[in-house]
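>>> build me a structure from this.
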Amino acid sequence: MISTKGRYGLRVMLDLAEHSEAGFVPLKDIAERQGISKKYLEIIMRDLVSGGLVAGASGKGGGYRLCREPGDYTAGEIIERMEGTLASVACLAGERFVCPRRDTCETLPLWTELDALVRDFLYSKRLTALLNPPEAPQQL
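Residues are numbered from 1 along each chain as shown. You can find the predicted model right below:
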């Protein structure tokens, strides 16, 4: 499950992409538009800055801006930065956990396929596509 931090991180990146022509965007402006407290937003921004996704500047004219063009970011990279691994089960989360049943696990192929679907989906969605979503089909 994607936490509030992951969802807000994606919203903040979209907000910065929408306002990229303004240069550095003040934290208070993002907080107001997104309905996120400044205190919580500071935590999110710290993670985005330390991950190299966003640059920050203090003082007059300061704020935050994207480090790259909006089309160069994927939802997957942003969510993974905020959440950590996207793995559905511990045995696929990384090398730190070694499952003793890995070689005989009958369910491992299911989790591996699920993880590939989720990862492929999220990493195929660029910020620019989220900014300009296709229109939903008309309901009859």
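>>> please count neighbours and contacts with C-alpha atoms only from this point.
Will do.
>>> helices along this protein, start to end?
Assigned by DSSP state H, the chain shows helices spanning 4-18, 27-34, 38-50, 75-83, 108-124, 127-131.
>>> quick one: contacts of the fifth one?
With C-alpha atoms under 8 Å, 6 or more residues apart in numbering as the contact definition, helix 108-124 has outside contacts at 74-77, 86-89, 92, 102.
>>> and stretch 80-91, C-alpha only, in CSV?
What follows is stretch 80-91, C-alpha atoms only, in CSV (Å, rounded to 0.1, in the frame of the first residue of the first chain):
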residue,chain,number,x,y,z
GLU,A,80,10.1,4.5,-4.5
ARG,A,81,12.1,7.4,-3.2
MET,A,82,9.4,8.2,-0.7
GLU,A,83,8.4,4.7,0.2
GLY,A,84,11.5,2.6,-0.2
THR,A,85,11.1,-0.7,-2.1
LEU,A,86,7.9,-1.4,-4.0
ALA,A,87,8.3,-5.1,-3.4
SER,A,88,5.1,-6.8,-2.3
VAL,A,89,6.8,-9.4,-0.1
ALA,A,90,9.9,-9.3,2.1
CYS,A,91,11.7,-12.0,0.1
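>>> can you list the buried residues in stretch 105-118?
For stretch 105-118, a neighbour-count test (16 or more other C-alpha atoms under 10 Å) marks 108, 115 as buried.
>>> I'd like the average pLDDT over that stretch.
For stretch 105-118, mean pLDDT rounds to 93.
>>> distance between that stretch and the chain's centre?
With C-alpha atoms, centre = their mean, to the nearest Å as the basis, stretch 105-118 stands 22 Å off its chain's centre.
>>> likewise stretch 51-61?
What separates the centre of stretch 51-61 from the centre of its chain is 18 Å, taken as C-alpha atoms, centre = their mean.
>>> give me the contact list for the helix or strand of the chain with the lowest mean pLDDT.
In the chain, no helix or strand scores lower on mean pLDDT, DSSP states H and E than helix 127-131, which sits at a mean of 92. For helix 127-131, contacts defined as C-alpha under 8 Å, 6+ apart pick out 13-14, 17-18, 70-75.
>>> rewinding a little: most neighbours, which of the contacts of helix 108-124?
residue 75 (24 neighbours; other C-alpha atoms under 10 Å).
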